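Visitor: One predicted model, sequence on top.
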Amino acid sequence: FAYRPAPVQVNYLGYPGTLGLDYMDYILADRFVIPPEHRRFYDEKVVYLPDAYLPTDSGVKISERTPSRSECGLPEQGVVFCSFSHDYKVSPPVFDIWMNLLRQVPGSVLWLVSRNEVSQGNLRKEAQARGVDPSRLVFAGRVPLVEDHLARYRQADIFLDTHPYNAHTTAAGARMAGLPVVTDMGNAFPARVAGSLVHAVGLPELATKSLAEYEALALALATDPARLAALKARLQANLATQPLFDTDAFCRNLEAAYIAMWRRSQLGGAEDALCGT
């Protein structure tokens, strides 16, 4: 990139933050992951997409068959908190909150993915150290098809986001399957992605502003079945009307942004409405 192989160079998707390089011209974002007051912290010019910056694929069809709880290794009764982010995103403060929730919601379990038995053992050890039966941590195995993986989300009740590095594609997949995602919006790009996604699906109240609010909201939903059911119904209805899964519109918006960048490069720095506004 330092040799400028292209007339316009864009930071997008590969790294959620500024690259700190004067030869990267733009970063693609939305107003939630990079609010206007944060633009001064970026070396790149910020180009805002009108909805979520993260692309989704509306062509993915979730498997019709939902595996049973027993097939997933889950108890037949009780609230299932879910977090399918990589285990290296699990920070001690968030894990403390997750254990608080398990202690306060009798019969609940935490459904996770883990890369190996060592990390699973470490997480169970940390649960026990916090007064939680390690068996209440359930680890999901890999399945070959994403359609089958998404179908598993139907057996969960609440997706608990990680912090300070959010779930990104994983959070989008949970919403596609109709699973509400509770997140805490931090101050940096990777801590604001899930918040961007809940706004784009019409459920901004799921983006909290502190870890204390995050815990309180997750607990309120877990202990109020009617409220949780109503939220899931809203999410399901919003999937067809909100922009998060309108892939065609996303492509048009992305193309418009690229065209604006190209025009600006060809016109010698002429301003364009899409750039940095």
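Guide: Now that the structure is in, tell me what you want to look at. From a predicted model like this one, the values you see are computed outputs, not experimental measurements.
Visitor: Which parts of this structure are helices?
Guide: Listed in chain order, the helices found in the chain under DSSP state H are 92-104, 117-129, 146-152, 169-176, 193-200, 211-222, 225-238, 247-266.
Visitor: Give me the helices and strands touching the fourth one, please.
Guide: Identification of packing neighbours for helix 169-176 by 3 or more CB pairs under 8 Å, 6 or more residues apart in numbering; DSSP states H and E yields helix 146-152, strand 181-184, helix 193-200. Glycine gets a C-beta too; all of them are placed from N, C-alpha and C.
Visitor: Can you say which of the ones you listed is nearest to residue 9?
Guide: Set against residue 9 and scored by CB to CB, the helices and strands packed on helix 169-176 come closest in helix 193-200, at 22.2 Å.
Visitor: what pLDDT does the residue lying closest to residue 44 once chain neighbours are set aside get?
Guide: On the basis of CB to CB, 6 or more residues apart in numbering, the spatially nearest residue to residue 44 that is not a chain neighbour turns out to be residue 27, at 3.9 Å. On pLDDT, residue 27 comes in at 97.
Visitor: which ones are touching residue 27?
Guide: Listed by CB atoms under 8 Å, 6 or more residues apart in numbering, the contact set of residue 27 reads 10-12, 18, 34, 42, 44-47.
Visitor: Can you list the low-confidence ranges for the stretch 1-150 of the chain?
Guide: Along the stretch 1-150 of the chain, segments meeting pLDDT under 70 are nowhere present.
Visitor: Which stretches in it count as strands?
Guide: Secondary structure of the stretch 1-150 of the chain (DSSP state E, counting those that start in this stretch): strands at 10-11, 26-29, 45-48, 80-83, 109-113, 137-140.
Visitor: before we move on, the earlier item: of all the helices and strands packed on helix 169-176, which one comes closest to residue 75?
Guide: Counting by CB to CB, residue 75 lies closest to helix 146-152 out of the helices and strands packed on helix 169-176; the figure is 15.0 Å.
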